[in-house]
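*Asks:* this one's structure only:
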């Protein structure tokens, strides 16, 4: 049986999900209410999969995806979220999550998403999938412009892109690089102008495709 660790700060939601997964043939080996408890349990239980709430007290689900994968020996992570932020989705993908599902998804659909992930797929809720598709489509539309311009980003601009890919805000990037928030915004504006793009997310996707920045797994 496929072993699953359920991580959610709502006992009622976790119990309902555990029951649904159990009825579908999964083996729910434990429930955790916060990220640190989940890490401890993952080290001892080595679950095959972890279904993980994004918004929890203390450390968020987004922050613990990579540590959970390492602690469990490579468990497949499905994130549950109430956020429809493209940046959160990109952070989840970068961290190695295989699913990003809105939390109001009915349990039967969530179970099917878990099965799809276990079978080697990746699952994104329809609304988020549409946003991701739009971002990629926009990037492809600008490919010819990008190629013709042959943009050259400065070292500092690449640093900014790397930190954007980690989900940092302009203020956080400024604090990390010891520059002002306005200077960060100017760097972002210059990056978008050079690449002929319209958003930070499109710039990150371009930088990943061109191997200007790397995703550490």
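*Replies:* Happy to help now that I have it. What you are looking at is a predicted structure, and each value in this text was computed from that prediction instead of being measured.

*Asks:* Tell me the secondary structure of the residue positioned nearest the centre of the chain, please.
*Replies:* The residue lying closest to the centre of the chain (CA atoms, centre = their mean) is residue 92, at 0.7 Å. Here residue 92 is helix, with the state taken from DSSP: H, G, I helix; E, B strand; the rest coil.

*Asks:* Tell me which residues touch it, please.
*Replies:* When contacts are counted by CB atoms under 8 Å, 6 or more residues apart in numbering, residue 92 is found next to 62, 65, 79, 100. Placement of C-beta: from N, CA and C, glycine included.

*Asks:* same thing but at 6 Å, please
*Replies:* If you count contacts by CB atoms under 6 Å, 6 or more residues apart in numbering, residue 92 has them with 79, 100.

*Asks:* In the chain, what residue spans correspond to strands?
*Replies:* 3-7, 27-32, 49-53, 76-81, 99-102, 123-124 (DSSP state E).

*Asks:* Partner strands of the second one, with direction?
*Replies:* The one in question is strand 27-32. Strand 27-32 pairs in its sheet with strand 3-7 (parallel), by DSSP bridges.

*Asks:* how far away is residue 28 from residue 53?
*Replies:* 15 Å (CB to CB, to the nearest Å).

*Asks:* what about the closest residue to residue 28 other than its chain neighbours, neighbour count?
*Replies:* Spatially, and ignoring its direct neighbours in sequence, residue 28 is nearest to residue 18 (4.4 Å; CB to CB, 6 or more residues apart in numbering). By other CB atoms under 10 Å, the residues close to residue 18 number 19.

*Asks:* Confirm for me that residue 18 is in contact with residue 7.
*Replies:* No - at 11.1 Å, residue 18 does not count as touching residue 7 under the criterion of CB atoms under 6 Å.

*Asks:* what residues go with each domain of the chain?
*Replies:* 3-131, 142-209 (automatic domain parsing).

*Asks:* Dump the ones you listed to JSON lines, plus mean pLDDT.
*Replies:* JSON lines is the format used below for those (pLDDT from 0 to 100):
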{"stretch": "domain 3-131", "mean pLDDT": "90"}
{"stretch": "domain 142-209", "mean pLDDT": "85"}
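
*Asks:* Tell me which of those sits most buried.
*Replies:* Comparing these by mean neighbour count (mean count of other CB atoms under 10 Å), domain 3-131 ranks first with a mean of 18.

*Asks:* Endpoint to endpoint, it covers what distance?
*Replies:* 31 Å (CA to CA, to the nearest Å).

*Asks:* Off-centre distance for it?
*Replies:* Put simply, domain 3-131 sits 11 Å off its chain's centre (CA atoms, centre = their mean, to the nearest Å).
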